[in-house]
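>>> From the sequence below, what's the structure:
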Amino acid sequence: MSGPAGFRGEYRTDDDARAAYSEAAGIGQAIPIAVAVPIDADDLVTLVRWAAAARTSLIPRGSGSSMPGGAIGRGVIVDLSRWNQIGDVDVSTRTVRVGPGATRGAVESAARSHGLRFPVDPSSGAFCTVGGMASTNAAGAHSLKFGSTRHWVKSIDCVFADGSRAFLSRGVEPPRGNPVIDRFEALAATLIPAEAVEPSVHPGVLKDSSGYAVAEFARSGELIDVLVGSEGTLAFFVELELALIPVAGATSSLLSAFSSLEDAVVAAGRARASGASACELLDRTFLDVAASGGATELPADTEAALLVEVEGAYTTDAAEAARAVERAFRDAGATATRLALDGAHETEIWELRHAASPILARLDARLRSMQFVEDCAVPPERLPAYVRGVRRILAANETRGVIFGHAGDAHVHVNPLIDVGRPGWRDRVERILTDVTALAASLGGTLTGEHGDGRLRTPLIPRMWSVTAVERFAAVKQTFDPLGILNPGVKTALPGERPLGEIKYDLGLSPLPPKARAVLDRVERDRAYSSFRLALLADAAK
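Residues are numbered from 1 along each chain as shown. Down below sits the predicted model:
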């Protein structure tokens, strides 16, 4: 397939380049028809206008660290990872302008050099891009106090599906005369009053990255709120302006054990009410894995543990806040608590949160940790029922799994361990996904608190949302992208689309070209997601 006339960036259709972009951090595999790397915004406009004329789909991509398949697809992958510029930090307004390819880690480093921080901190923060974070409305451990990405995005320079470009800023009327914006303004006239009557939300859920944020838009009237979390289906992000806050004066942490999930959930609510900056749940399954690697010393009857961080202006303030949480946890039934009132001890207890992955890698070489039910969130009071339900589903399918997550938000990550050499493994994966989806729906939950719908969860949206909400999502997509060229199959399902396409761990898949396979293996092994894939491919050819 020939590339667009006048396109100045790289446009590759060779097998190695296409295969190098066929996988991301999740379980899916999809070989694109081409890879495009635009040089600048004008080059991107050229590409988008060509795609609109040719009816060719475009899949925006940053570092490829996303889980649910939104960064892979059969169309043209558009790699924006090298648009990683970071402007001067404006200390007076506490803002910074960045390219979509700037990593969260680099932005945080730039902000901290001025005594500021970007408080949204997904665990992939060292290598995920800000464009990707805005695309999925990413969150992280500290979303308990600071929320998800959406409210930290102050402005967006974007390119729409017709190739038009607009600069959107909070508190400023969107530019008139842009056909996409004008169409959405017309839709908003009916959308806003309809949302007031029947809002598109999961009541009681504290974090939600599913669907389009039409309820949030109806509340704020800010077009940015619709674009953030849209997973590349409504526009490309050329540049983003982020809000920053001062760094914390001091922090303290504590690790508490509980003999029941109910006690842990009550305690998590008290941590949330106290203003804790983070409250992480480590379920018994997680603790069992950690214990197998010698990573934990908790009472034998521990059903769950909570790992909490608090902030204060001074060390004494943070220490007192931690002690106050300790007292609240004791009243809620904590059986043991370990305080960490200085940096060294905090690092030590937070290492437990990150202990599972390397231990899992050593359990059994045949097992693959598959992230396909990894992001559900439920109303906080229903968290014990959700965790117990997941345990039952895994046990019924003779599958071991690790359960952990953001207890303060009732947002749970589940990593089933699948033996891909065992007959019927794919049927087992499909049953687990089906049953967990039904469980989350029965509890009024969402399938994605922070990772996005992607191609994995989009076909399941009708099971989780009302008919009215699904119709509104489709109307938003049609308004912004009537030709359906931007990341089709994400947010609004294509006819016949299924949740589980090709799974990259499937031993029956045709092997990828050796150089591309080496690149993808290196990225996964070294967590090198922020590395430019075509450069890695060139290195592999040497």
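
>>> Check the spacing between Asp263 and Thr347 real quick.
Here the criterion is C-beta to C-beta, to the nearest Å. By it, Asp263 lies 27 Å from Thr347. Placement of C-beta: from N, CA and C, glycine included.

>>> out of those two, which sits in the busier spot?
The neighbour comparison of Asp263 against Thr347 (other C-beta atoms under 10 Å) goes to Asp263, with 21 against 11.

>>> Counting by contacts, list what whichever strand or helix holds that one packs against.
Assigning secondary structure by DSSP states H and E places Asp263 in helix 261-274. For helix 261-274, the packing partners by 3 or more C-beta pairs under 8 Å, 6 or more residues apart in numbering; DSSP states H and E come out as strand 250-258, strand 278-283, strand 304-312, helix 315-331, helix 383-396.

>>> Return the set of buried residues in the helix or strand harbouring Arg525.
Secondary structure here is read from DSSP H and E; on that basis Arg525 sits in helix 514-526. Using 16 or more other C-beta atoms under 10 Å as the burial criterion, the residues of helix 514-526 that qualify are Lys515, Ala516, Arg517, Ala518, Val519, Leu520, Val523.

>>> my read: the second one touches Glu23, true?
No: because the distance of 9.2 Å does not satisfy C-beta atoms under 8 Å, Ala516 is recorded as not touching Glu23.

>>> tally of neighbours for Trp50?
Residues contacting Trp50 under the criterion other C-beta under 10 Å number 19.

>>> Roughly how far does the closest residue to it other than its chain neighbours sit from Val37?
If the residues on either side of it in the chain are set aside, Trp50 comes closest to Pro4, at 3.3 Å by C-beta to C-beta, 6 or more residues apart in numbering. The span separating Pro4 from Val37 equals 13 Å under the rule C-beta to C-beta.

>>> what is in contact with these two at once?
Common contacts of Pro4 and Val37, defined by C-beta atoms under 8 Å, 6 or more residues apart in numbering, comprise Tyr11.

>>> these two touch, right, Val238 and Leu44?
Yes: applying C-beta under 8 Å, one finds Val238 in contact with Leu44, separated by 6.9 Å.

>>> And Tyr212, its phi and psi?
Recorded main-chain torsions at Tyr212 are phi -100, psi 150, according to degrees, to the nearest 10.

>>> what's the answer for the one 10 residues further on, then?
Glu222 adopts backbone torsions of phi -100, psi 120, taken as degrees, to the nearest 10.

>>> The nearest residue to it once chain neighbours are set aside: how many residues sit nearby?
The spatially closest residue to Glu222, leaving aside those adjacent along the chain, is Arg170, at 5.6 Å (C-beta to C-beta, 6+ apart). When neighbours are counted by other C-beta under 10 Å, Arg170 registers 17.

>>> any idea of the pLDDT on Arg170?
Arg170 is assigned 97 on the pLDDT scale.

>>> I'd like the mean pLDDT over the host helix or strand of Ile224, please.
With elements taken from DSSP H and E, the one containing Ile224 is helix 223-227. With pLDDT averaged residue by residue, helix 223-227 scores 98.

>>> For that helix, buried residues please.
Of the residues in helix 223-227, those buried (16+ other C-beta under 10 Å) are Leu223, Ile224, Asp225, Val226, Leu227.

>>> check contacts around Val148.
You called it Val, but residue 148 is Ser. Listed by C-beta under 8 Å, 6+ apart, the contact set of Ser148 reads Val120, Asn137, Ala138, Ala139, Lys207, Ser209, Glu450.

>>> sorry, that was for Val91
For Val91, the residues meeting the contact criterion (C-beta under 8 Å, 6+ apart) are His114, Gly115, Leu116.

>>> can you give me the end-to-end distance of stretch 454-468?
Across its full length, stretch 454-468 reaches 21 Å end to end, with C-alpha to C-alpha, to the nearest Å as the criterion.

>>> Cool, thanks, signing off.
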